[in-house]
Structure formats: C-alpha cells, structure tokens
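1. Just need the structure, nothing else, for what follows:
(one chain, ligands or ions: 1)
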Amino acid sequence: MASSPSGKPVLYSYFRSSCSWRVRIALALKGITYDQVPVNLLKDGGQQLAAEFQVVNPMQQVPALKIDGITLSQSLAIIEYLEETRPNPRLLPQDQKKRAQVRMISDHIVSGIQPLQNLAVLQRVGEKKLEWAQHYITNGFQALERILKNTAGRYCVGDEVSMADLCLVPQVYNAERYKVDLALYPTITRINKTLLELEAFQVSHPTKQPDTPAELRA
Ligand SMILES: O=C(O)/C=C\C(=O)CC(=O)CC(=O)O
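-> Next up is the predicted model:
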C-alpha cells in the first residue's frame, strides 16, 4: 500500500529518533499532513527488526515515508524528494554555494556524527556507550562550530531555515541526551535555541509525538 486509507503520506517514525525528527520538521514546515506509524526501536527486541518492517525498509531503520506511490528511506533522500515535489517553503537555498554548504552541514551531521552514535552501534559498544557517544558528538561539534562561524546568519546557512537546520536541532537533542557540554559551542547553541522557537520544530519535537511515553510528554 503506497499511502494510508486517508490518502495521506505515511511516516514510520520513533519519537526520539533524531533521523525521524528531521523528516517530521520538513513535513511540518511544508504543511504536509501525514499519518504516523510508530516503530518502537526498543520494544519486542526492536520493532524495526521485524519481518513486516523489513519490507518497508530493508535497512531496518526509521524513518521511512510512503508517499506518491513509493516508499523512501534515508532522511536526506526523503527531505530532498519533498523539496523537489513540494518546493514551498524552500529548504535548499537558490544560491549554489549556499546550497552546497547546506548539504555539507547536513552530511556532516547525518553521515559524520549520528551514525557513530546510533542505537545499533551503541548496543554493540555496551558499557562504554556514554563515553563513545560523547566522543563522536564532541568531535563532530568542534568541527561544526568552526564551519558555522563561516556559514551562519540567523540559522546554519544565512538567514533562511534550511535542511541543515533540520539536521542540527535533533543532533543537539542527542548531545543533551548524552550529556555533552554544549557551553563549548556557542554558535550551535544559539542557532538551536532560535530554531526551537519555530512552530515546526515544536510540533515535531520528541516530547509531542503519538508514541511519546506519558512520562516524557511535554
Ligand atoms: O534510546 C532509545 O529510545 C532508542 C533509540 C533512539 O532513541 C534513537 C537513537 O538513539 C538514534 C538517534 O536518533 O540518533
């Protein structure tokens, strides 16, 4: 089935998966209504590992989005598809240099930080998982802070919200979760705070999802 009975796109998501949150922000910013299918990454040994979900995403990760008759995984591929088919508001700047910077920062987070601290990796790391996650987030944030000094205006690249911002906020949330000292990254902290004032970042927040446990709701 390509979409829900309501005809809306269907997002397979987990409330505190940072990769799912990126896509929820894009959907919110573009005003796309959708149905959510929660995939609990911890319950039943991980619902993403179930055979039914392997059909949706062979990588057995969230997010996945059923939309327009296709099923997509990988948050940046999803966001770029939304951008090409539903271009307003724009999440990739028109200026080629700025667009490249947006993609650079997005990849920096999505390939260079998050995969090194994701659930599957930390489960294999075992006891040292907090230290491990802190190491890779710190390493990535030190570089990102330098990059942002050159690219940022109000947001990661200039003064328009872009795909890079959709990657930043969920990664800062993970940094807080793993008790990384954010005082060392004033630019990251400032941009994150500014973005969290926007409605799209609030409605998509991990504390406000259909599958957010009662004790974590806000
Ligand atoms: O602890 C849990 O509840 C399970 C998994 C996650 O939240 C997702 C991740 O840790 C990966 C990530 O989003 O970076």
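
2. If you drop the residues flanking it in sequence, what lies closest to Leu41?
-> Tyr14 (5.0 Å; CB to CB, 6 or more residues apart in numbering). C-beta here means a position set from N, CA and C on the backbone, and glycine is covered the same way.

3. Oops, could you answer that again for Arg217 instead?
-> Thr207 (5.8 Å).

4. ok, now which ones touch that neighbour?
-> Contacts for Thr207 (CB atoms under 8 Å, 6 or more residues apart in numbering) come out as 15, 216-218.

5. for the closest residue to the ligand within the chain, phi and psi?
-> Of all residues in the chain, Ser18 sits closest to the ligand, at 3.5 Å by CB to the nearest ligand atom. Backbone torsions of Ser18, given as degrees, to the nearest 10, read phi -70, psi -30.

6. what's the answer for Arg86, then?
-> phi -140, psi 80.

7. That one touches Thr33, doesn't it?
-> No. Between Arg86 and Thr33 there is no contact under CB atoms under 8 Å: 11.8 Å.

8. Compare neighbour counts for those two and give me the winner.
-> Arg86 (16 against 9; other CB atoms under 10 Å).

9. And the more buried one, how close does it get to Tyr34?
-> Counting by CB to CB, to the nearest Å, the gap from Arg86 to Tyr34 is 12 Å.

10. Show me the domain layout of the protein.
-> 10-89, 96-201 (automatic domain parsing).

11. picking that back up, now the residue of the chain closest to the ligand: closest residue in space, sequence neighbours ignored.
-> Pro170 is the one closest to Ser18 (CB to CB, 6+ apart), at 3.5 Å.
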